[in-house]
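Q: Need coordinates for the below:
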Amino acid sequence: MENNIRVIETLVVHEQDARKRLWGIYRDAFERLNRRTPIYHGSYAPSQFDDILQDEDFTKFLVYAGNELVGVTLITNVLAKIPWVNAEYFEERYPERTRNGDVYFLPAVVIDPDHQDLRLIGAKLLQQSLTTLGEDVVLAVDYSETLRHSLPAFVRRGLGRTFKGEILDRLVYQIFYYKTPS
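A: Prediction:
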């Protein structure tokens, strides 16, 4: 199966059918997760996602199993294009790397949930997309507490090597009540 997995790097997804397929994968990849957490995962609306697929400031790594498009990783070093990211924070904390374009944000790694061998495909997709960035970059991601253990493990499997990481902040969703909600 691994020999049939290809990762293609591109700046623009020109074909409308491919963009529609990727939207479906993106939407479906987060559907089950969104039932488990109050933080909405998969933050882009269909038109926003389509715009990103055509925006050259986002590098796209398309993964194919045979001839079937089964996933995508999106990466950008134009942090101002991620509405929920405070780009100024990264400019202040990593000024030289920001000036050199070496601070990246990864807004999505999605794979068709119905496709077999998700781990193998995900690991290959992540490995190829992240290792092309180089050794001296900072890669920022965001995820909910629900994914706190699984995402770093996914990155570790994908990279197949040691890396350092630190939690920069946390967003807490909390409810208060007198009587237990039903």
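Q: Let's check: the centremost residue of the protein is which one?
A: Centroid-nearest residue in the chain, with C-alpha atoms, centre = their mean: Ala108, separated by 2.0 Å.
Q: quick one: low-confidence parts of this protein?
A: Residue ranges of the chain with pLDDT under 70: 1-3, 116-119, 122-123, 143-163, 172-173.
Q: For it, which segments are assigned as helices?
A: For the chain, applying DSSP state H gives helices covering 16-34, 46-53, 87-93, 95-99, 118-131, 150-159.
Q: Start and end of stretch 75-94, how far apart?
A: By C-alpha to C-alpha, to the nearest Å, the extent of stretch 75-94 from end to end equals 18 Å.
Q: whoops, stretch 47-67 was the one
A: End-to-end span of stretch 47-67 (C-alpha to C-alpha): 26 Å.
Q: May I see the buried residues of it?
A: For stretch 47-67, the neighbour count (16 or more other C-beta atoms under 10 Å) marks 49-50, 52-53, 55, 58-63, 65 as buried. (C-beta placed from N, C-alpha, C; glycine too.)
Q: Might one say that Thr73 is in contact with Lys60?
A: Yes: between Thr73 and Lys60 there is a contact under C-beta atoms under 8 Å: 7.3 Å.
Q: Return the distance of Val85 relative to Asp51.
A: 17 Å (C-beta to C-beta, to the nearest Å).
Q: so who does Gln16 touch?
A: If a contact means C-beta atoms under 8 Å, 6 or more residues apart in numbering, then Gln16 has no contacts.
Q: Could you count how many residues lie near the nearest residue to Glu91 once chain neighbours are set aside?
A: The shortest distance from Glu91 to any non-neighbouring residue, by C-beta to C-beta, 6 or more residues apart in numbering, is to Thr98 (4.7 Å). Around Thr98 sit 18 other residues, with neighbours defined as other C-beta atoms under 10 Å.
Q: Could you do Gln174 as well?
A: Using other C-beta under 10 Å, Gln174 has 5 other residues around it.
Q: Taking the buried residues of stretch 47-67 together, which two end up most distant?
A: Spanning the widest gap among the buried residues of stretch 47-67 are Asp55 and Ala65, at 25.6 Å by C-beta to C-beta.
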